[in-house]
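Peer 1: Sequence unavailable; structure follows:
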Ligand code: B12
Ligand code: SF4
């Protein structure tokens, strides 16, 4: 490896952008409405005066008046932390910067790091950058800022969108730890790019080439068989001391990769790759020593193990109970996993909430989804989790092939009776590649993609309409629209899990009220000042990265 003195081998960056349209009301997950309060220019001026450049408030146009909504920072990226850990352990220097385009001052830091440390390689995570044009723009911007750096993109979006395969010097599909080290070896002159599995790269003539074991057709056409680059080694322990930010108190942790189910609308990787309890113990203890005790578990489904080790989650909960580190966490779960025994263990291990993807309240649709559980299981799972004191968020989707007004009526009926603590109701999203696009669904004549589609029983316009009508109806019935994701965002800036529950509840009837009726606060509440202070200290923390 070449010694670059103060120079940097790898700069890793991440940001979050999930909608084509920049209107924050279309990407509510990036923001918090903080109890549906919006702030006026005078509050913005006051915050700027006290903590210049904190970028906390995001301007929105409210029918001519400019008001501001609170924007929470993008969560710390586990992908970058994992990558940084293996890069660092291999002896390369590495630095992480996130929120690079969302937060102005973070972008300034990016420029400083590039100027002062001339990274050889810049890696971008697209896990939460969903928009191709945005990614291309970011790559272009980096090329201008760092013309000599090689740019590597990785993460789900670049894997799924073929138009991105030639946007950077290297694209990594699937797990990135092994591939990133191989690319660094290649740049050190020790390996041919064409021998690296699961990557695309630009050759000396700027032509797109694929590395070993990737056939371009497979990357984009394979419906029903999601692509997975399995690592032979264990999932690495993430070392957050490399992350270089101190704002957050809620972090990601991963116990397994992949999922053993095969729901036909879902593109998550199939199969399960587990960590040993020993490595989990080491990571939990090391994190606690750094003050990290709050988590959003990143597993596709935390509450089940593979067929040969069904009690994996039970054992992890028991480990957490025995360690007694005061952990608090939430996770994805399935209704058919939640027994009294597991719910009790989860509560004692520090779980405060679960996210169930229930999707439908109609048995015929659940069967078509190959969901693996029925409506009775859903009633049972929600009731058991609530009985033990878990906050239950549930997601439902409208318009899966076979959906009719009648089946949607059954979903509304289920929600009204089961009453999860919060819900999201959205239009069926048709991914580029998912089993539902395969031959088994030919009879439904499914066409289109993403949010624009049609099939024999419904089209996306009708589904949108039903989502609107259903939402109005459920709001009337006192159901809470929110998201379990918001726990992480709000807890990161100092709210407790109980505060977040209270905020979600207070928001229920306001959620759909729209811009016209929103309240504009002239006051700067103490928590907003607190958040601004967090941001200010984060600026100081990042100075470490430039030195
Ligand atoms: C946990 C999770 C969440 C959590 C995040 C919690 C947290 N603390 O981070 C929550 C519940 C908040 C969440 C929310 C959403 N999520 Co989510 N989530 C996941 C999930 C299950 C795991 C992500 C994760 O952290 N994995 C662990 C890390 C280590 O893996 P990774 O990011 O994939 O990184 C690896 C490789 O991809 C690669 N890699 C990644 N970046 C880079 C960069 C370089 C340079 C290299 C070389 C390699 C590389 O190497 C990494 C290590 O092996 C994935 C599905 C899955 N199983 O992957 C969906 C997933 C990321 N989510 C997705 C979506 C769409 C969303 C939402 C937009 C959903 C919604 N409609 O609201 C929101 C966005 C939230 C927001 N804007 O606020 C999509 C993204 C699709 C895409 N990119 O094309 C995914 C892939 C699921 C899917 N297939 O639909 N999510
Ligand atoms: S929807 Fe959930 S349970 Fe089904 S395959 Fe996807 S991750 Fe697994």
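Peer 2: That came through fine. The model shown is predicted, which means the values in this text are computed figures rather than measured ones. Ligands and ions are numbered 1, 2, ... in the order given.
Peer 1: what does the stretch 201-350 of the chain have sitting close to ligand 2?
Peer 2: Where proximity means CB under 6 Å from any ligand atom, the interface of the stretch 201-350 of the chain facing ligand 2 comprises 259, 261, 262, 263, 266, 268, 300, 301, 334. Glycine gets a C-beta too; all of them are placed from N, C-alpha and C.
Peer 1: close enough to count as contact, the fourth one and residue 370?
Peer 2: Yep, that's residue 263 we're talking about. Yes. Counting by CB atoms under 8 Å, residue 263 touches residue 370, with 5.8 Å between them.
Peer 1: of the two, who's got more company?
Peer 2: Neighbour tally, residue 263 and residue 370, criterion other CB atoms under 10 Å: the higher count belongs to residue 263, 19 against 15.
Peer 1: rewinding a little: kindly give a single PyMOL line that selects the buried subset of the residues of the stretch 201-350 of the chain next to ligand 2.
Peer 2: The PyMOL command for the buried members of these (criterion: 16 or more other CB atoms under 10 Å) is given here:
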select buried, resi 259+261+263+266+268+300+301+334
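Peer 1: With pLDDT as added columns, please give the residues of the stretch 201-350 of the chain next to ligand 2 in TSV.
Peer 2: Output for these, formatted as TSV (pLDDT from 0 to 100):
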residue	pLDDT
259	88
261	91
262	89
263	94
266	91
268	85
300	94
301	96
334	98
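Peer 1: and the residues of the stretch 201-350 of the chain next to ligand 2, which of them are in helices?
Peer 2: Per DSSP state H, helices hold no members of those.
Peer 1: Closest to residue 85 out of the residues of the stretch 201-350 of the chain next to ligand 2?
Peer 2: Using CB to CB, residue 300 is the member of these that lies nearest residue 85, at 21.2 Å.
Peer 1: Spatially nearest residue to that closest one, not counting backbone neighbours?
Peer 2: For residue 300, ignoring the flanking residues on the chain, the nearest one in space by CB to CB, 6 or more residues apart in numbering is residue 259 at 4.1 Å.
Peer 1: Straight-line length of stretch 203-211, end to end?
Peer 2: 11 Å (CA to CA, to the nearest Å).
Peer 1: Report whether that stretch contacts ligand 1.
Peer 2: No. Judged by CB under 6 Å from any ligand atom, stretch 203-211 stays clear of ligand 1, getting no closer than 12.4 Å.
Peer 1: Mind listing what's buried along that stretch?
Peer 2: For stretch 203-211, by 16+ other CB under 10 Å, it's 209, 210, 211.
Peer 1: distance between it and the chain's centre?
Peer 2: 31 Å (CA atoms, centre = their mean, to the nearest Å).
Peer 1: Show me what that stretch is in contact with.
Peer 2: 165-166, 193-202, 216 (CB atoms under 8 Å, 6 or more residues apart in numbering).
Peer 1: In CSV: these, plus secondary structure.
Peer 2: Output for those, formatted as CSV (DSSP: H, G, I helix; E, B strand; the rest coil):
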residue, secondary structure
165, coil
166, coil
193, helix
194, helix
195, helix
196, coil
197, strand
198, coil
199, strand
200, strand
201, strand
202, strand
216, helix
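Peer 1: looking at those, which has the most residues close by?
Peer 2: Busiest of those [other CB under 10 Å] is residue 199, holding 29 neighbours.
Peer 1: Quick check: that residue vs ligand 2, distance?
Peer 2: Distance, residue 199 to ligand 2, by CB to the nearest ligand atom, to the nearest Å: 25 Å.
Peer 1: so that residue touches residue 179, yeah?
Peer 2: Yes. Using CB under 8 Å, residue 199 makes contact with residue 179 at a distance of 5.5 Å.
Peer 1: which element follows the helix or strand that contains residue 112 toward the C-terminus?
Peer 2: Assigned by DSSP states H and E, residue 112 falls within helix 104-117. Using DSSP H and E, the next helix or strand after helix 104-117 towards the C-terminus is strand 121-125.
Peer 1: Show me which residues of the helix or strand following that next one are buried.
Peer 2: Sequence order places helix 132-145 as the next helix or strand after strand 121-125, per DSSP H and E. Buried residues in helix 132-145, counted by 16+ other CB under 10 Å: 132, 134, 135, 138, 139, 142.
Peer 1: list the contacts for the spatially most central residue of the chain?
Peer 2: Closest to where the C-alpha atoms of the chain average out (CA atoms, centre = their mean) is residue 128, at 5.7 Å. Residue 128 makes contact with 14, 15, 16, 17, 18, 74, 77, 155, according to CB under 8 Å, 6+ apart.
Peer 1: and what of residue 454?
Peer 2: Residue 454 neighbours (CB under 8 Å, 6+ apart): 445, 446, 447, 448, 460.
Peer 1: Write down the beta-bridge partners of the third one, one by one.
Peer 2: Same thing as residue 447. residue 454 (DSSP bridges).
Peer 1: Give me the distance between it and residue 401.
Peer 2: According to CB to CB, to the nearest Å, residue 447 stands 11 Å off from residue 401.
Peer 1: what comes up buried for the helix holding residue 112?
Peer 2: Buried residues in helix 104-117 (16+ other CB under 10 Å): 105, 106, 107, 109, 110, 113, 114, 117.
Peer 1: how close does the fourth one get to residue 531?
Peer 2: Between residue 109 and residue 531 the distance is 19 Å, computed by CB to CB.
Peer 1: now do the fifth one
Peer 2: Remark: distance between residue 110 and residue 531 (CB to CB) = 22 Å.
Peer 1: For burial, what's the neighbour tally of residue 44?
Peer 2: 18.
Peer 1: Tell me the residues of the stretch 351-500 of the chain that contact ligand 1?
Peer 2: 485, 488.
Peer 1: Residue in the stretch 351-500 of the chain with the shortest distance to ligand 1?
Peer 2: residue 485 (3.9 Å; CB to the nearest ligand atom).
Peer 1: tell me the pLDDT at that residue?
Peer 2: With respect to pLDDT, residue 485 scores 81.
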